[in-house]
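Asker: below is the structure, and that's it, no one-letter string:
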């Protein structure tokens, strides 16, 4: 299980200046700027939970989890975040495919101020060597 975290550390070593926090069961990379989002991986039992701010997905295979984690640091994915009066309400993961953004999955809150005007922002990381 910890091999996934070690693999992520190995990949991050290829990018100078990347800051991360880690333990035996967790690794997280904060956003580099206000337009980005935090990327983290948690080990939970035999599962790997990858999170991009409020969006998250559970994986059973380490390789899939590591690849998702690393993808979140690049400009080939972005988060569409729906806000209601400044409160994040829904996170949609989108991936770049043939020049177009394609929705992969979304996670949202059940309780939110639905009567407030919706505003959508896009957050994206740009990890580069």
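Answerer: Yep, that arrived. This structure is a prediction, so every number in the text was calculated from the model and none was measured. Residues are numbered from 1 along each chain as shown.
Asker: show me what counts as buried in the helix or strand harbouring residue 63.
Answerer: According to DSSP states H and E, residue 63 maps onto helix 62-72. For helix 62-72, a neighbour-count test (16 or more other C-beta atoms under 10 Å) marks 62, 65-66, 68-72 as buried. Heads up, the C-betas are built off the backbone N, CA and C, glycines and all.
Asker: hey, where'd the helices end up in this protein?
Answerer: 2-12, 62-72 (DSSP state H).
Asker: what packs against the last one?
Answerer: Of the remaining helices and strands, those touching helix 62-72 by 3 or more C-beta pairs under 8 Å, 6 or more residues apart in numbering; DSSP states H and E are helix 2-12, strand 39-44, strand 47-52, strand 55-59.
Asker: quick one: closest of those to residue 125.
Answerer: Nearest of those to residue 125, taken as C-beta to C-beta: strand 39-44 at 7.0 Å.
Asker: any idea how far the longest strand along the chain is from the middle of the chain?
Answerer: Longest strand in the chain by number of residues, with DSSP state E as the criterion: strand 87-97. Distance of strand 87-97 from its chain centroid, counting by C-alpha atoms, centre = their mean, to the nearest Å, is 10 Å.
Asker: if anything else comes up later, I'll come back, but that's it for now.
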